[in-house]
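Novice: generate a structure from the sequence data that follows.
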Amino acid sequence: EELIGFFVNTLALRLDLSGAPSVAELLDRTRRTALAAQEHQDLPFEQVVEIVKPPRALDHTPLFQVMLAWENNAVGSFDLPGLSVEAAGEGFDQVKFDLE
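Specialist: Below you'll find the predicted structure:
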């Protein structure tokens with residue numbers, strides 16, 4: 001079917017920060033963890049939360065405090081007949097996580 005919409009798949013990752021890794025080592029660990037998680041992304045994030053049943057608190061999100069928005073597409077403009085389309089501003093008015 002033809003679909004139009006905004007599709008997001010949130011993957012909660014647990015990173016190993018033991019051993020005081022260098023930035024390069026941390027990026028390598030993060031890359032390996034993210035690629036492994038993408039192999040198992042069939043389970044929607046909402047179901048992960050239901051299964052884990054984390055304790056809830058108003059001062060932080062239940063499973064993670066850092067959000068990474070990975071956008072693997074080039075931002076550009078589209079030229080359609082009689083219409084010019086470009087990306088809207090990327091600024092955020094509020095922070096939802098400790099680090100985003």
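
Novice: least trustworthy helix or strand in this structure by mean pLDDT?
Specialist: Lowest on mean pLDDT, DSSP states H and E among the helices and strands of the chain sits strand 77-80, with a mean of 71.

Novice: which elements pack onto the helix or strand that that strand is followed by?
Specialist: Remark: after strand 77-80, the chain's next helix or strand is strand 83-86, criterion DSSP states H and E. Counting contacts by 3 or more CB pairs under 8 Å, 6 or more residues apart in numbering; DSSP states H and E, the secondary-structure elements packed against strand 83-86 are strand 77-80. For the C-beta atoms, the positions are set from N, CA and C on the backbone; glycine is no exception.

Novice: hey, C-alpha coordinates of the helix ranked longest in the chain in CSV?
Specialist: Counting residues, the longest helix found in the chain (DSSP state H) is helix 23-38. The C-alpha atoms that make up helix 23-38 are tabulated as CSV, following Å, rounded to 0.1, in the frame of the first residue of the first chain:
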residue,chain,number,x,y,z
VAL,A,23,35.7,8.4,22.9
ALA,A,24,36.7,6.2,19.9
GLU,A,25,36.1,3.0,21.9
LEU,A,26,32.7,4.3,23.2
LEU,A,27,31.7,5.2,19.6
ASP,A,28,32.7,1.7,18.5
ARG,A,29,30.7,0.1,21.3
THR,A,30,27.7,2.3,20.5
ARG,A,31,27.9,1.4,16.8
ARG,A,32,28.1,-2.4,17.5
THR,A,33,25.2,-2.1,20.0
ALA,A,34,23.0,-0.1,17.6
LEU,A,35,23.6,-2.5,14.7
ALA,A,36,22.8,-5.5,16.9
ALA,A,37,19.6,-3.8,18.1
GLN,A,38,18.5,-3.0,14.5
